[in-house]
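Chemist: 3D model of this:
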Amino acid sequence: MKTTIVIIDGMGGGIGVQLVAGLREALRDTEGDAEIVALGANAVATERMVKAGADRGASGENAVRVSVSQGDYILGPVGIVVGNSMMGEISPAMAQAILEAPGERILLPLQQEHFYIAGLGAMSLARMIEEAIALLREHLKGRISKPERK
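Modeler: Residues are numbered from 1 along each chain as shown. Model prediction:
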């Protein structure tokens, strides 16, 4: 059974593109066992993530609310779980659906204009993405099947 990895991004989709590309490279040896689903807060973000190698994608609030529950793993910037973040692209309903989804979330601690995450040292986006991918690989190590859900 395939493991479904959902990547959520908005605005220009740049973070999502980097996550998709990094995951494609990191999971090259398990290509048939993992599916990458791109969920964009807008069509531009989705299109860019699909071009970067996501298996399929969907855009907008309803697509995120419905499709996020399919993910065994959910990756994206921390703003995806904060309503009205990312310049308002993440609605409260989207953030709630992401928080309530049964999959495990791996979030990049990117600062937003209206909230800050204390206690984090300075780290480049590239390093955050490397760490997120490494963390996901550790979760998948030895088992590419879907994790058991409670």
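
Chemist: Strands of this protein, start to end?
Modeler: Counting by DSSP state E, residue ranges of the strands within the chain are 3-9, 34-40, 56-59, 73-77, 104-108.

Chemist: Can you verify my assumption that residue 76 contacts residue 11?
Modeler: No: with contacts counted by C-beta atoms under 8 Å, residue 76 stays clear of residue 11, the gap being 11.6 Å. (C-beta placed from N, C-alpha, C; glycine too.)

Chemist: For this structure, just list every one of the helices.
Modeler: 14-26, 43-51, 61-67, 92-100, 125-140 (DSSP state H).

Chemist: Please name whichever of those is nearest to residue 1.
Modeler: Residue 1 lies closest to helix 125-140 among those, at 13.0 Å (C-beta to C-beta).

Chemist: which residues touch the closest residue to residue 17 other than its chain neighbours?
Modeler: Computed as C-beta to C-beta, 6 or more residues apart in numbering, the closest residue to residue 17 that is not its neighbour in sequence is residue 52, at 4.4 Å. Under the criterion of C-beta atoms under 8 Å, 6 or more residues apart in numbering, the neighbours of residue 52 are 16, 17, 20, 21, 24.

Chemist: Please repeat the previous calculation with a cut-off of 6 Å.
Modeler: Residue 52 is in contact with 17, 20, 21, counting by C-beta atoms under 6 Å, 6 or more residues apart in numbering.

Chemist: Could you pull up phi and psi at it?
Modeler: The phi and psi torsions at residue 52 (degrees, to the nearest 10) take the values phi -80, psi -10.

Chemist: what's the closest of the helices of the chain to residue 4?
Modeler: Judged by C-beta to C-beta, the one of the helices of the chain that comes nearest to residue 4 is helix 61-67, at 9.6 Å.

Chemist: Identify the residues contacting residue 24.
Modeler: If a contact means C-beta under 6 Å, 6+ apart, then residue 24 has residue 53 as its contacts.

Chemist: what about residue 141, distance to residue 24?
Modeler: Here the distance between residue 141 and residue 24 works out to 18 Å (C-beta to C-beta, to the nearest Å).
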